[in-house]
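In: following is a predicted model, sequence given first.
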Amino acid sequence: MARFSRLEVLQRMIEDGLVPIFYHPEVEVAQEVVRACARGGARCVEFTNRGDRAYQVFCELTKWAEKELPQVALGVGSVIDAPTCALYIASGADFIVGPVLDEGCARTANRRKIPYLPGCGSATEISRAEELGAEIVKIFPGGQVGGPAFVRAVRGPCPWTSIMPTGGVEPTEESLRTWFEAGAACVGMGSKLIRKDLLQKRDFGAIEQAVARTLEIIRRIRDKR
């Protein structure tokens with residue numbers, strides 16, 4: 001069962017402006033990554049449903065986080081169907097993210113009042129996602145869909161739309177500024193933030209610093225708006 005309400009999770013995402021994203025097949029490494037993100041100031045972390053037995057890793061991760069990091073909301077990404085969505089919700093996921101819009105996922109998450117952030121690539125998909133109850137929509141892949149200009153264009157006629165670009169976002173002031181000035185509600189960031197080389201070296205301190213630095217950049221950008 002989720003440890004946070006839908007409203008709490010969505011508010012955290014918007015207030016912080018960042019959702020770190022990662023996958024690792026080893027439970028101990030996954031735990032240290034979440035710990036590093038939390039120490040860096042992240043309050044929502046997304047673990048992607050990618051490798052073999054990712055579900056088993058997530059189950060261990062949620063049990064551990066409940067005791068060690070009760071302030072962190074853990075979600076699952078790369079979810080594309082309702083059965084997988086239900087499985088992760090039953091295992092304690094605080095939010096569900098997908099690379100595509102799946103109506104079965106939307107209904108399953110809504111039934112349990114779990115935030116569902118579907119991947120969308122057009123104004124029509126975004127509108128359909130909102131009709132199905134999505135409060136924040138993920139545009140994916142952000143850079144290929146149209147970048148910050150796409151966010152700005154969508155929010156022109158639909159200023160109520162909250163968008164989380166993922167893919168094409170970098171942890172630099174230049175990149176983050178263009179996305180937030182275009183109207184992004186928050187950003188999802190994976191390998192550009194939690195880099196493969198840092199995972200290979202088990203350099204969790206560097207991951208913590210990267211998250212903290214990114215959050216500080218976002219705060220600075222927002223303060224100047």
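Out: Alright, I've got the coordinates.
In: quick one: stretch 82-92 to chain centroid distance?
Out: Here stretch 82-92 is found 17 Å from its chain centre; the criterion is CA atoms, centre = their mean, to the nearest Å.
In: equivalent analysis for stretch 188-196, please.
Out: That offset, for stretch 188-196, works out to 11 Å (CA atoms, centre = their mean).
In: for the protein, what spans make up the helices?
Out: 6-16, 27-39, 54-68, 82-90, 103-111, 123-131, 142-145, 147-155, 173-182, 196-201, 204-223 (DSSP state H).
In: weakest of the ones you listed in terms of mean pLDDT?
Out: Note on these: lowest mean pLDDT is at helix 142-145, with a mean of 90.
In: now that helix: buried residues?
Out: Neighbour-count burial for helix 142-145, counted by 16 or more other CB atoms under 10 Å, picks out 142-143, 145. C-beta: built from backbone N, CA, C; applies to glycine.
In: contacts for it next, please.
Out: Helix 142-145 is contacted from outside by 121, 139, 150, 165-169, 179, using CB atoms under 8 Å, 6 or more residues apart in numbering.
In: same question, stretch 148-160
Out: In this structure, residues lying in contact with stretch 148-160 by CB under 8 Å, 6+ apart are 123, 126-127, 139, 142, 146, 161, 163, 165, 178-179, 181-184.
In: apart from its neighbours in sequence, what residue is nearest residue 190?
Out: Excluding the flanking residues, the one nearest residue 190 by CB to CB, 6 or more residues apart in numbering is residue 21, at 3.8 Å.
In: hmm, the one you found is touching residue 169, no?
Out: No: Residue 21 is beyond contact range of residue 169, at 10.2 Å (criterion: CB atoms under 8 Å).
In: okay, and the common contacts of those two?
Out: With CB under 8 Å, 6+ apart as the test, residue 21 and residue 169 both reach 188-189.
In: quick one: which of the contacts of helix 142-145 is nearest to residue 72?
Out: Set against residue 72, the nearest of the contacts of helix 142-145 by CB to CB is residue 166 (19.1 Å).
In: distance check, the closest one against residue 183.
Out: As defined by CB to CB, to the nearest Å, residue 166 lies at a distance of 15 Å from residue 183.
In: those two: which has the busier surroundings?
Out: Between residue 166 and residue 183, residue 166 has the larger neighbour count (other CB atoms under 10 Å), namely 24 against 17.
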